[in-house]
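Asks: Quick one, structure for this:
(one chain, ligands or ions: 1)
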Amino acid sequence: MTNRTDATHCPVAYPFTGEHRLDLEDDYAHARASGQLLRVTLPVGGDAWLATTYDQVRTVLTHPHMERGPANQPATPRLETALMTPQSVLALDGPAHARLRRAIAGAFSPRTARRIRPYLKAEADRLLDRLLAQEQPADLVAAYANPLAATAVRQLIGQPPSEDEHTDVVALVNRLAQARETPAEAEARDQLEAAVDRLIRSRGLPPGLLRDLSLTRAVGAGLSTSQSTDLVFAVVLGGRTPSFFLPSAALVLLQHPAHITVLRQHPHLWPKAVEELLRFIPIGLSGGFPRTATAPVDVAGHRVEAGETVLPAMIAANLDEHEFPRADELDLTRVRNPHLAFGAGLHRCPGAPLSRHLIEVSLRSLITRAPALRLATLAPATWHTGRIVRALATLPVEW
Ligand code: HEM
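Replies: This is a model prediction of the structure:
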């Protein structure tokens, strides 16, 4: 393992920039080239390590002594002031985490994702017809990516169709997310918990996560209402990720019409194209959720001491030349593509199968149903701010 003093440079302020764009800051490439973990100072809680090479990041994500719970503590270095609820699936380790993953396994299975796909296709086509009938330019984020991602997550949790805003779990999760760290948080949390409780006690739910939670509770093996609420919260929030990814993917394709031509001529390339877009397009503004070592860990030749925190930068690992030849090129025919866009290890994204269908269906519909689509000439795209996602807030298009 590396001598610690060699690797311990003066810490660098992190995230590297507050500017949002798809090209990664050069600092990631420099850190990767050094082969060392980079010492960084985070906005809250002090210094941590940043992992940027493929091997480093994979090790941090998969090592049994790299844990989420100890990284979600008041004194631990992190990007945001707010901590996660300790019983969130993203903040647990070991058997408690495994129990939650079992509870969501059916709703997130590849079979369920295949079942949902036709609904996504129908919704994509409906949204596009509506978009193409409206005035130009139109915003692809508001008119297409957001409602499509919401449809996917409603299908996955099995939200019953209802006009009743008190049981609209997706809307209530969004309200709670907005109310975090404000005086309105407790009330928003109570409303969400009441909705989840009412739904999982009701009969005749459509297939999906809520029905699974209801059925396991009926046989006495279920989660408490509070645990179910946290789980639904994490799932619905995670379900927003495609709404951040899809506009970036559309932007990349519209900026490179040659790729669109290739996909039109060779539709069998779609599955490979989806993987390559996932590798190529960074969704996180910065490294992924931090892990804290619970014992000394060898991270690709660098010793991380027990109690130290590491951020796994999947966005940098996915551009590692040692793993992906010509990593900076978008190659829709790339054959070997073990990217880390969905993470790795026990917290690996359960939404990967559904997301793959959603990405393919939505981009495919976009380029076939709206063949003349292009970036709006006079209205520039705008970016989200904040330290978590690297995503477009608006993407004006015309046709
Ligand atoms: C483009 C699509 C998506 C990407 C790139 C993505 C990425 C990720 C990544 C990298 C993780 C692992 C985080 C870590 O280990 O620190 C994760 C976890 C998670 N994702 Fe996704 N995600 C996507 C879509 C979704 C969707 C559609 C859902 C739900 C409907 C979802 C729900 C979750 C949940 C619940 C977790 C936590 C898993 C756990 O902690 O065990 N994701 N996602």
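Asks: With just CA atoms, put stretch 302-320 into PDB.
Replies: Only the C-alpha atoms of stretch 302-320 are listed here, as PDB (Å, rounded to 0.1, in the frame of the first residue of the first chain):
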ATOM      1  CA  HIS A 302      -3.800   3.300  -0.800                       C
ATOM      2  CA  ARG A 303      -4.400   2.700   2.800                       C
ATOM      3  CA  VAL A 304      -7.500   4.300   4.200                       C
ATOM      4  CA  GLU A 305      -7.600   4.300   8.000                       C
ATOM      5  CA  ALA A 306     -10.600   3.300  10.100                       C
ATOM      6  CA  GLY A 307     -12.800   6.300  10.600                       C
ATOM      7  CA  GLU A 308     -11.700   8.100   7.400                       C
ATOM      8  CA  THR A 309     -14.300   9.000   4.800                       C
ATOM      9  CA  VAL A 310     -14.000   8.400   1.000                       C
ATOM     10  CA  LEU A 311     -16.200   9.700  -1.800                       C
ATOM     11  CA  PRO A 312     -16.500   7.400  -4.800                       C
ATOM     12  CA  ALA A 313     -16.500   9.500  -7.900                       C
ATOM     13  CA  MET A 314     -18.300   7.300 -10.400                       C
ATOM     14  CA  ILE A 315     -18.400  10.100 -12.900                       C
ATOM     15  CA  ALA A 316     -14.500  10.000 -13.000                       C
ATOM     16  CA  ALA A 317     -14.200   6.200 -12.900                       C
ATOM     17  CA  ASN A 318     -16.400   5.900 -16.000                       C
ATOM     18  CA  LEU A 319     -13.800   7.900 -17.900                       C
ATOM     19  CA  ASP A 320     -10.800   5.900 -16.800                       C
END
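Asks: Contact partners for the spatially closest residue to residue 222 that is not a sequence neighbour?
Replies: Nearest residue to residue 222, sequence neighbours excluded (CB to CB, 6 or more residues apart in numbering): residue 216, at 4.1 Å. Yep, even glycine has a C-beta here, placed from its N, CA and C like the rest. Counting by CB atoms under 8 Å, 6 or more residues apart in numbering, residue 216 touches 103, 222, 223.
Asks: pLDDT value on the last one, please?
Replies: Per-residue confidence for residue 223 comes out at a pLDDT of 91.
Asks: can you confirm it is in a helix?
Replies: No - counting by DSSP: H, G, I helix; E, B strand; the rest coil, residue 223 falls outside a helix, being coil.
Asks: neighbours around it, how many?
Replies: 18 (other CB atoms under 10 Å).
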